[in-house]
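Novice: A predicted structure for the sequence below; I have some questions about it.
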Amino acid sequence: MSKADTIILNLGYLDTLARADSPVHRLDPRAKLLTTLVFIVTVVSFDKYQISAMLPFFLFPVVMIVLGGLPVGYLLKRLLWVAPFAVMVGIFNPLLDHRVLFEIGTFHITGGWISFASILLRFVLTVLAAFILIATTGFYTICLALEKVGVPNVFVMQLLFLYRYAFVLVEEAARMGRAWQLRAPLRKAMSISTFTSLIGGLFLRTTDRAQRIYRAMCCRGFEGQIHLSCQLNWTWKDTLFLLSCCIVFILFRLTNPALGLGRLITGIFQ
Amino acid sequence: MHMADALISPAVGGTLWAVSAGLIGYCCKKVKTELSDYKVPLMGVTGAFIFAAQMINYTIPGTGSSGHLGGGMILAILLGPWAGFLVMASILTVQALFFADGGILALGCNIFNLGFWTCFVAYPLVYKKIVNQKHQSQMRLFWGSMLSVIIGLQLGAFCVVLQTMFSGRAELPFTGFVMAMQPIHLGIGVIEGVVTAGVVTFVAKAQPQLLEVSLSDAGKSTVSIKFVVAVLLVVAIVTGGAISWFASGHPDGLEWSMFKISGSEELDTPDKPVYEKLSGLQETTAFMPDYGFKEAESAGDEGEESATNWPAVDAGTTVAGLVGGLLTLLIAFGIGFLLKLKLKPQGPVKV
């Protein structure tokens, strides 16, 4: 599959998932946005050697995925695809932090490995939260939520246009790339001068397109602002969702239930 | 490669989110009042253009590898600093949401690193000083693009280092990280500078009025040095404040407040037999007093020393932590599994 197809697939598939119907999909997007933010902030606030304290937080993505009917395989695949970024930076931790923090028999576990595992855990939790947000809400609804929350109309319009025309321009760039490839079949990537001419041409076409779009919009009554007509209804279910999630996150953050549970169990066996 | 949530702390992420949000708001105001309505589709489609252009790889001469466009500087040159910043922010938002290329909390950091330095520092202070309005001199165009891209990228890369340092999640030492980041981004900057110069030259030769239109449109109010300094001051002050607030250390919050108020971290129990009996009971039954295994009396100085090192990790806590952690993970997945069984008969309705 070509790069362009992958991009279009990934852009489009998450939005297709968002058009399904489930209790999670029906929640107000503002509630989901806020909950995701609180989730990310609490997860990220753990200090670098925490591992077990973060594990209870898996409850949130697990419940959301199940209730929302999201495809686990697809999400895990996307997760693995972006994992190298976090691994690349985190891998230095075991190499640099040699302070032994824990010993099992003859095994010395250094702080470096613990903080590396912590980084990976954080990464999985935060990336899953972001994907779940988009997959249960959809891009257009998120933009609507952003505007209702107070983001300036200019920026919301920018996001909507970008999303709408990303598909068009990615395909156009792919066509240009394919045309080049057919004329240079043995090369893997184009030279810089070819690239600049190609991209320069693409930009000229872009401005032409922008002119046409602008004229079409003016014909339909555009006067500087796009008015989003959808109404968002905030119900008691949204309040319940937001409050209960935030309370649970903050509780988990402050009380470390994993440790408490472990203490209980090991206490029984002693 | 943008910053991920896993590598930043809430203080750093929150601060830069606030700064980026403020900048976005300011740019929106500028764009609304100073540019014509035509900018709306132009900005949108140019954003999609950069997004698509980033997909195409070009070979880097000399090495065997290929690279792709960043775009911050090209946006500033083609659309002006205010619109350019907004477009860059929108591209990064879409990348964060759909491709997990950069986290949601780290979005503020990424917008600042890739947008602020190119649009508000490199563009007005380097590019515009070198290149004149008419884009006639090829040399000036080339060197203007090159230098502004290099400087913009260097500053952005340095910011990444600072943000990682202040967050304290990755173990990279400051000098080592800087020594790695700056030269790499110098190389990237040179190549991107050449590409930027090439694209701008192409557009200047093919349709010079395009650049003039966007430039004169955007040039009504220039980015002043005062604005840049003000933003940087705000970042410095808020980061400093936020970090000291979040700084961890002994004792925990409750004990700290107790110490400040009463002069001791725990209340003395009154001298009554009931309290003594109960505390004696607690001492004998508590398997893990204070969340650690009972220190043997003979542990002595060594135990004391290791206990005062932060973080105070000792075997007892770790075992309980591991056991508890695995259990909670099992519980979480168990709940998910049960929910799935319960939902199976009807299942979510797919439209």
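Specialist: All right, it came through fine.
Novice: Which elements pack onto whatever helix or strand A:F195 lives in?
Specialist: Secondary structure from DSSP states H and E places A:F195 in helix A:192-219. Applying 3 or more CB pairs under 8 Å, 6 or more residues apart in numbering or on different chains; DSSP states H and E, we find helix A:192-219 packed against helix A:153-183, helix B:39-53, strand B:58-59, helix B:174-206. From N, CA and C alone the C-beta is placed, and that goes for glycine too.
Novice: Also compute the angle for that helix relative to helix B:174-206, please.
Specialist: Interaxial angle of helix A:192-219 relative to helix B:174-206 (axes from the mean of the first three to the mean of the last three CA atoms, to 10 degrees): 70 degrees.
Novice: Which SSE is immediately downstream of helix A:192-219?
Specialist: Reading on from helix A:192-219 to the C-terminus, the next helix or strand found by DSSP H and E is helix A:236-255.
Novice: For that following helix, buried residues please.
Specialist: Within helix A:236-255, the residues that count as buried by 16 or more other CB atoms under 10 Å in any protein chain shown are A:D238, A:F241, A:L242, A:C245, A:C246, A:V248, A:F249, A:F252, A:R253.
Novice: between the residues you listed, which is nearest chain B?
Specialist: For these, the closest approach to chain B (CB to the nearest CB) belongs to A:F252, at 9.1 Å.
Novice: Including distance to chain B, could the buried residues of helix A:236-255 go into a markdown table?
Specialist: Output for the buried residues of helix A:236-255, formatted as a markdown table (distance: CB to the nearest CB, whole Å):
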| residue | distance to chain B |
| --- | --- |
| A:D238 | 18 |
| A:F241 | 15 |
| A:L242 | 17 |
| A:C245 | 14 |
| A:C246 | 15 |
| A:V248 | 12 |
| A:F249 | 13 |
| A:F252 | 9 |
| A:R253 | 11 |
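Novice: Pick out whichever of those residues sits closest to B:T328.
Specialist: Set against B:T328, the nearest of the buried residues of helix A:236-255 by CB to CB is A:F252 (9.1 Å).
Novice: Would you confirm that A:L121 contacts A:A53?
Specialist: No - applying CB atoms under 8 Å as the test, A:L121 and A:A53 come out as separate, 10.0 Å apart.
Novice: Skipping its backbone neighbours, what lies nearest the residue most central in space within chain A in space?
Specialist: Centroid check for chain A by CA atoms, centre = their mean gives A:A130 as the closest residue, at 3.3 Å. Leaving aside its chain neighbours, A:A130 sits nearest to B:I104 (5.2 Å; criterion: CB to CB, 6 or more residues apart in numbering or on different chains).
Novice: if I pick the one you found, what's in contact with it?
Specialist: By CB atoms under 8 Å, 6 or more residues apart in numbering or on different chains, the residues touching B:I104 are A:T36, A:L37, A:I40, A:T126, A:A129, A:A130, A:L133, B:D5, B:A96, B:L97.
Novice: Where does it fall, secondary structure wise?
Specialist: Using DSSP H and E, no helix or strand contains B:I104.
Novice: give me phi/psi at it?
Specialist: B:I104 adopts backbone torsions of phi -70, psi -40, taken as degrees, to the nearest 10.
Novice: any idea how far it lies from A:R183?
Specialist: Taking CB to CB, to the nearest Å as the measure, B:I104 falls 42 Å from A:R183.
Novice: Run through who's touching whatever helix or strand A:V63 lives in.
Specialist: Element membership for A:V63, per DSSP H and E: helix A:59-68. Applying CB under 8 Å, 6+ apart, the contact partners of helix A:59-68 are A:20, A:22-25, A:39, A:70, A:72, A:75, A:125, A:128-129, A:132, A:135-136, A:245, A:248-249, B:331-333, B:335-336, B:339-340, B:343, B:348.
Novice: Pull it out as CSV, backbone CA atoms only.
Specialist: The C-alpha coordinates for helix A:59-68 follow below in CSV (Å, rounded to 0.1, in the frame of the first residue of the first chain):
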residue,chain,number,x,y,z
LEU,A,59,-9.5,0.6,33.3
PHE,A,60,-10.4,3.8,31.4
PRO,A,61,-9.2,2.7,27.9
VAL,A,62,-10.5,-0.8,28.4
VAL,A,63,-14.0,0.2,29.4
MET,A,64,-14.2,2.9,26.6
ILE,A,65,-13.0,0.4,24.0
VAL,A,66,-15.5,-2.2,25.0
LEU,A,67,-18.5,0.1,25.5
GLY,A,68,-17.6,1.9,22.3
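Novice: Next secondary structure element downstream of that helix?
Specialist: helix A:72-90.
Novice: Give the buried residues for that next one.
Specialist: The neighbour-count check on helix A:72-90 (16+ other CB under 10 Å) flags A:L75, A:R78, A:V82, A:A83, A:F85, A:A86, A:V89, A:G90 as buried.
Novice: For these, name the two members farthest from one another.
Specialist: For those, the maximum inter-member distance is 22.4 Å, found between A:L75 and A:V89 (CB to CB).
Novice: In contact with the residue of the stretch 1-150 of chain A found nearest chain B, which residues?
Specialist: Across the stretch 1-150 of chain A, the shortest distance to chain B (CB to the nearest CB) belongs to A:S52, at 2.8 Å. With contact taken as CB under 8 Å, 6+ apart, A:S52 is in contact with A:N256, A:A258, A:L259, A:G262, B:G321, B:L322, B:G324, B:G325, B:L326, B:T328.
Novice: would you list the residues you listed in JSON lines and tack on distance to B:A197, secondary structure and neighbour count?
Specialist: Listed next are those as JSON lines, based on distance: CB to CB, whole Å; DSSP: H, G, I helix; E, B strand; the rest coil; neighbours: other CB atoms under 10 Å in any protein chain shown:
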{"residue": "A:N256", "distance to B:A197": "55", "secondary structure": "coil", "neighbour count": "24"}
{"residue": "A:A258", "distance to B:A197": "55", "secondary structure": "helix", "neighbour count": "28"}
{"residue": "A:L259", "distance to B:A197": "58", "secondary structure": "helix", "neighbour count": "22"}
{"residue": "A:G262", "distance to B:A197": "60", "secondary structure": "helix", "neighbour count": "25"}
{"residue": "B:G321", "distance to B:A197": "55", "secondary structure": "helix", "neighbour count": "24"}
{"residue": "B:L322", "distance to B:A197": "56", "secondary structure": "helix", "neighbour count": "19"}
{"residue": "B:G324", "distance to B:A197": "58", "secondary structure": "helix", "neighbour count": "25"}
{"residue": "B:G325", "distance to B:A197": "54", "secondary structure": "helix", "neighbour count": "24"}
{"residue": "B:L326", "distance to B:A197": "56", "secondary structure": "helix", "neighbour count": "16"}
{"residue": "B:T328", "distance to B:A197": "56", "secondary structure": "helix", "neighbour count": "26"}
